[in-house]
Every structure is written in structure tokens, then in C-alpha cells.
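Student: Just need the structure, nothing else, for what follows:
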Amino acid sequence: RSAVNYQAGAKSTLASMVTAVSVLMVVLFLTPLFESLPKAVLGSIIVVAVSTLVNFEEMKHLYKTDKRDLFLLLVAFGCTLFVGLLEGILIAAGMSMA
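Tutor: Numbers count the residues shown, from 1 in each chain. Take a look at the predicted model:
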């Protein structure tokens, strides 16, 4: 599920379709309104949307139970953040197989 659907509590396929159409309409018709916004504002919108997807309780649980999985989680997070999405996923998947 997307961050928007997660925050709204939506669970059905119809909710995903409505979200997709809404995002498409915003991209098609309202993009000129976003051109003048500073990148920091756009970045903060993304941070707020994604912050609900980070589960700190799971990190605490992994710290107590399986340090290797916690290490893989942190490597995946760091590589995705600093290197790139695809590269981060590939590095984490490669390390999990080792």
C-alpha cells in the first residue's frame, strides 16, 4: 500500500485505484503550481508521508532478537538513502544471501 492509503487507513483495491487517479490528475493538471515551491518543501512532504512507514518497534525487536537482521535492515536503509533505491535493494538482497 502507498503511504497515502496507509495514513488514510484504506485497504481495498478501489482505494488504490482512486489514489492512483487522484495522483495522475494532480500530476497532469497541478504540476505548474508546484514549480515555484523550494525543493526543501517538496522534500519535507515526502519525509512526512514516508515517516509513518518506518517501524521503530521492529528495529528494537531486531536489536533484541537478531542483530544480523538489524544490520541488514540498516545497510538496506543506508544504501537506499545514500546510494539509490535500486542499488540499495540489490546490495541488501546480495548481503542477505551471503
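
Student: Let me know how buried A92 is, in neighbour terms.
Tutor: Using other Cβ atoms under 10 Å, the number of residues around A92 comes to 19. (C-beta placed from N, C-alpha, C; glycine too.)

Student: and the residue sitting nearest the centre point of the chain, what does it touch?
Tutor: Nearest to the geometric centre of the chain sits V50, at 4.9 Å (Cα atoms, centre = their mean). For V50, the contact set (Cβ atoms under 8 Å, 6 or more residues apart in numbering) comprises A3.

Student: so it is in which element?
Tutor: Secondary structure from DSSP states H and E places V50 in helix 39-51.

Student: measure A93 to E87 for me?
Tutor: Counting by Cβ to Cβ, to the nearest Å, the gap from A93 to E87 is 11 Å.

Student: typo on my end, L53
Tutor: 20 Å.

Student: can you give me phi and psi for S22?
Tutor: The phi and psi values for S22, taken as degrees, to the nearest 10, are phi -60, psi -50.
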